[in-house]
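K.L.:
quick one, structure for this:
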Amino acid sequence: MLKGEVILNRKNEIKQEFYTGERPLFQGKNLIIKDTVFGEGESPLKHSENIELKNTSFQWKYPLWYSRHISVQQCSFMEMARAGIWYTDDIKVEDTLIEAPKEFRRCRGVTIKNVSIPNAEETLWNCSDVTMEHVVAKGDYFGMNCENVKINDFSLYGNYCFDGAKNVEVRNARFLSKDCFWNAENITIIDSYICGEYLAWNSKNITLINCTIESLQGMCYIENLVMKNCKLINTTLAFEYSTVDAEIVGRIDSVMNPQGGTIRADEIGELILQKEQVDVSATKIICKGELNDGKV
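P.N.:
Below you'll find the predicted structure:
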């Protein structure tokens, strides 16, 4: 190496440090941070770049804002590390506990793997190019307005999730969520369980494959709803004003005023078709067993 030549991207290591106060590592670049605690003090790594965080704890607000190329492994975000990861691009979070709410907002290129988020209110808002695997979250309004999301092995306890989301693929998930996937577009859910009232209202291009659903007035006001090999348990007043191509295994307790398409089921407890509300000839009902015509 020539005298005075700088080696770019060489990472300096910080280990077993304790930081307090505002912006202690502001604009930090090319760092490996291990076994370190960021105590009281806002924005410790604001505008940071090319950072590896390992076994490190964040205890105060806004730790990673406007950051890029961040790796987080075996770390913890305490409850007061709220609104912790905003406006950050290319971030991977693995084997981490996030106790703080309002994490991940307006981020791009987000990978979340083996992560628990027990206080996930208003988390993952307006983010794009997101991958989640082996994640458990609890909190309302998760995933609002996210785009280009792939999810595998996900459990969510909380209402109003993925409102306004676009281009989302979900596999092997369990949702206990009222009003989930409202105002959404291009959503595919496979091998999953969804329990919650008013599923997916006002949405477009919703596909459910090998799913079990329990919902009051679920799947209404949808343009292009496709269901393949699905079960509807304790589900009433389904499909109102939706265009549907549904293949249901077992019984549907009641169907109300679909806008059009085809509904196949083993049994329909009550079929409500009101001529003053919809064109009843636009929907084809194929029922293998008992069909109670109900109100026509």
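K.L.:
right, and residue 288 touches residue 267 too?
P.N.:
Yes: in terms of Cβ atoms under 8 Å, residue 288 counts as a neighbour of residue 267; the distance is 7.4 Å. Quick note: C-beta positions are derived from backbone N, CA and C, even for glycine.
K.L.:
out of these two, which sits in the busier spot?
P.N.:
residue 267 (15 against 9; other Cβ atoms under 10 Å).
K.L.:
in this structure that one contacts residue 285, no?
P.N.:
No: the pair residue 267 / residue 285 is not scored as a contact, 11.6 Å apart, by Cβ under 8 Å.
K.L.:
just the residues contacting stretch 215-231, thanks.
P.N.:
Defining contact as Cβ atoms under 8 Å, 6 or more residues apart in numbering, one finds that stretch 215-231 is touched by 194-213, 232, 235-250, 256, 261.
K.L.:
buried subset of the residues you listed, written for ChimeraX?
P.N.:
This is the ChimeraX syntax for the buried subset of those, where burial follows 16 or more other Cβ atoms under 10 Å:
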select :194,195,196,198,199,200,201,202,203,204,205,206,207,208,209,211,212,213,232,235,236,237,238,239,240,241,242,243,244,245,246,247,248,256,261
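K.L.:
how near is residue 75 to residue 23?
P.N.:
19 Å (Cβ to Cβ, to the nearest Å).
K.L.:
which of these two has more neighbours?
P.N.:
residue 75 (22 against 16).
K.L.:
my guess is the more buried one contacts residue 58. True?
P.N.:
Yes: Residue 75 is within contact range of residue 58, at 7.2 Å (criterion: Cβ under 8 Å).
K.L.:
where do the contact lists of the two overlap?
P.N.:
Contacts common to residue 75 and residue 58, judged by Cβ under 8 Å, 6+ apart, are absent.
K.L.:
can you give me the strands for the stretch 101-250 of the chain?
P.N.:
Counting by DSSP state E, counting those that start in this stretch, one finds strands in the stretch 101-250 of the chain at the ranges 108-117, 128-138, 147-157, 166-176, 185-190, 193-195, 204-209, 212-214, 223-232, 243-248.
K.L.:
reformat those strands as CSV; add mean pLDDT and distance to residue 97.
P.N.:
Below are those laid out as CSV (pLDDT from 0 to 100; distance: least, Cβ to Cβ, whole Å):
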stretch, mean pLDDT, distance to residue 97
strand 108-117, 98, 5
strand 128-138, 98, 10
strand 147-157, 98, 15
strand 166-176, 98, 20
strand 185-190, 98, 27
strand 193-195, 98, 25
strand 204-209, 98, 31
strand 212-214, 98, 30
strand 223-232, 98, 34
strand 243-248, 98, 39
